[in-house]
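Chemist: With the input below, show me the fold.
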Amino acid sequence: MAISTVMIIVFVTGYVCIALEHPIHINKTATALLLSTVLWVCMSQIIPDHDLLSKDLVENLGEVAEILFFLMGAMTIVEIVDIHGGFGLITNKIKETNKVKLLWIISFLTFFMSAILDNLTTSIVMIALLRKLIDDRHDRWFFAGMVILAANAGGAFSPIGDVTTIMLWIGGKISAWKIIKNTFLPSAVSILVPLAVLSFTLKGTVERPQIKAGNQSDDISQSQKLAITMLGIGALLFVPVFKTITHLPPYLGMLGGLGILWIYVGFLHKRRVDGDNHKYSITKIISRIDMSSILFFLGILMAVNALKVGGQLMALSNSLDTIPLEEPNKYYIITMIIGLFSAVIDNVPLVAGAIGMYDFPMDHYFWEFLAYSAGTGGSILIIGSAAGVAVMGMEKIDFIWYFKKISWLALLGYLAGCGVYILEHSLI
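Modeler: A predicted model of the protein is given here:
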C-alpha cells in the first residue's frame, strides 16, 4: 500500500477518534498530537532528504505557531479584562433572558464584531461574555455553537475577518470594497436562516450565573475597570490596523497589545503586598489559559499540513477541476464542494491550493464565492474552523453534540447563502 494512501487512512482514523472523544474516553488533544506525529513520520518516507523534510516541517510549524501565538495573546487579553470585571460592564447592559431574543442579540453582536476584529478573536471574547450571561452548560453550548456560525459568517465578508479572506486580499485576488459589497448579503443570510428556524423552535429563558465572592473585583474602581476594558478592546482592534500599516503578521500586533496591557496592569497593582501572587498578577492570569486547546490546535493543524506537503490536498483540488460542467456552474460547484471540505479539513490549505490552481483576475466571482464558501462552510463541523476549535477547547463542547444540534443549522445557512450569492451574481 502506498504511503500516501496510508496517510489518508491514518488521518481519517484520527479524525474519527477526535469525533468520538467521549465514547472512547481518549482526549482529543492526545489524538491530534499523535496524529500529527504519525503523519510526519510517514512524510519522512515520502521525502528521504532530511534537510528538505526539515525545511518543510519548520515552515509549516512557523505558520501554525503564528496562529497559536495569536490565540494565546488574545486569550490572555480576554482573561485580563475578565478578571478585572471588564465584561461585567458589558453584560450588565444586557438584561434580556428570553432565549430567542438573547440569541439574536449575541449573534448580531458576534457577526459585526467578527468583521472588525476577526472570527477567532471575536469567538474568544463572546465565550467570555456568555459565561457571564448563561449558567446552564448545555444552554451555553447552544449559544456558543451559534457564536461559531455568526463569527465565521461575519469573517467571510470582511477582508480582515478570516485567515482565508486575508490570504485572498493580500494575494491580490479580492479588493476590500468588492468583497464586502458582494458577499455581505450571502454571509448575513447564512446566519439569519438558522436564527429564523430557532425563533420557532427555541423556548424558555436562561438563568444568569451567581457571582461568586472569589470572582468579584470590588477592589477595582469603575474607572480602572473601564480603562482596562478599553485598553484590552483597543489592543484587539489594533491588530488589523497594525497588519495594514506594517504588513507584519497579526500575532505580532496581538503580542504587542498584550505587552502594553501587561505594563499598565503592572503599574496599577504595583503596591500590592503579595507581589505576583495576587489574583490580578498576569503570571497567575496566564495559568488560566487552556493549554489543552492550544496543543489541540497544534496537533490538528500540523496533521493537515502534512497532507498539504504530501500532495493529498492538491490531488483533491485537481480532481475537483475535472467536473464536466460549463462555466460558471462548474466553478459554483467547485467552490461549494471546497466549502463542504473545509468543515473537515482546515480551510487555509484548501484556499491556498485553489489560489495555486487558478489564475482568475482580481474580484472574479470565483474568488468572492471562495471567500464565502471556505469561511462559512467550516461551521458545519466544530473542528472545521479556527473559531470552532477555540470554542470547543474553551467550553469543552462535545463533537457529537455539536453535530446533532448545530451542524444541520450551519449546513442550512451555508446552502441558503450559496443560493443567494449565485442568484445575486446571475442578476448582476
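
Chemist: Gly413: neighbour count?
Modeler: By the criterion of other C-beta atoms under 10 Å, Gly413 has 29 neighbours. C-betas here are computed from N, CA, C, even on glycine.

Chemist: same question, Ile422
Modeler: Ile422 has 18 nearby residues by other C-beta under 10 Å.

Chemist: ditto for Glu63
Modeler: What Glu63 shows, counting by other C-beta under 10 Å, is a neighbour count of 17.

Chemist: For Ile260, see how far away the nearest residue to it once chain neighbours are set aside is.
Modeler: Once flanking residues are discounted, Glu63 sits nearest to Asn305: 7.2 Å by C-beta to C-beta, 6 or more residues apart in numbering. Asn305 sits 32 Å away from Ile260, taking C-beta to C-beta, to the nearest Å as the criterion.

Chemist: Who has more neighbours out of these two?
Modeler: Asn305 (25 against 14).

Chemist: tell me which element that one is part of?
Modeler: Assigned by DSSP states H and E, Asn305 belongs to helix 291-310.

Chemist: which helices and strands does the helix or strand just after that helix pack with?
Modeler: Per DSSP H and E, the first helix or strand lying C-terminal to helix 291-310 is helix 312-320. Applying 3 or more C-beta pairs under 8 Å, 6 or more residues apart in numbering; DSSP states H and E, one finds that helix 312-320 contacts helix 3-19, helix 291-310, helix 329-341, helix 347-357.

Chemist: Adding distance to Lys55 and mean pLDDT, write those out as a markdown table.
Modeler: A markdown table is the format used below for those (distance: least, C-beta to C-beta, whole Å; pLDDT from 0 to 100):
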| stretch | distance to Lys55 | mean pLDDT |
| --- | --- | --- |
| helix 3-19 | 19 | 89 |
| helix 291-310 | 10 | 85 |
| helix 329-341 | 27 | 90 |
| helix 347-357 | 17 | 72 |
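
Chemist: So for Lys405, which of these sits nearest?
Modeler: helix 3-19 (14.5 Å; C-beta to C-beta).

Chemist: and the direction of that closest one versus that of helix 312-320, what angle?
Modeler: 100 degrees (axes from the mean of the first three to the mean of the last three C-alpha atoms, to 10 degrees).

Chemist: chain center to stretch 88-108: distance?
Modeler: On the basis of C-alpha atoms, centre = their mean, to the nearest Å, stretch 88-108 sits 22 Å off its chain's mean C-alpha point.

Chemist: May I see the buried residues of stretch 232-251?
Modeler: For stretch 232-251, the neighbour count (16 or more other C-beta atoms under 10 Å) marks Gly232, Ile233, Ala235, Leu236, Phe238, Val239, Pro240, Phe242, Lys243, Pro249, Pro250, Tyr251 as buried.

Chemist: Kindly indicate which of the residues you listed lies nearest Gly172.
Modeler: Lys243 (15.8 Å).

Chemist: got a list of what the closest residue to that closest one other than its chain neighbours touches?
Modeler: In this structure, Lys243 finds its nearest non-sequential neighbour in Pro250, 5.1 Å apart by C-beta to C-beta, 6+ apart. The neighbours of Pro250, taking C-beta atoms under 8 Å, 6 or more residues apart in numbering as the test, are Glu66, Phe70, Asp118, Ile166, Val239, Pro240, Phe242, Lys243.

Chemist: quick one: which two of the residues you listed are the most distant?
Modeler: Longest span within the contacts of Pro250, C-beta to C-beta: Glu66 and Pro240, 14.8 Å.

Chemist: what comes into contact with stretch 10-17?
Modeler: Stretch 10-17 is contacted from outside by 24, 26, 28, 31-32, 34-35, 38-39, 42, 303, 307, 344, using C-beta under 8 Å, 6+ apart.
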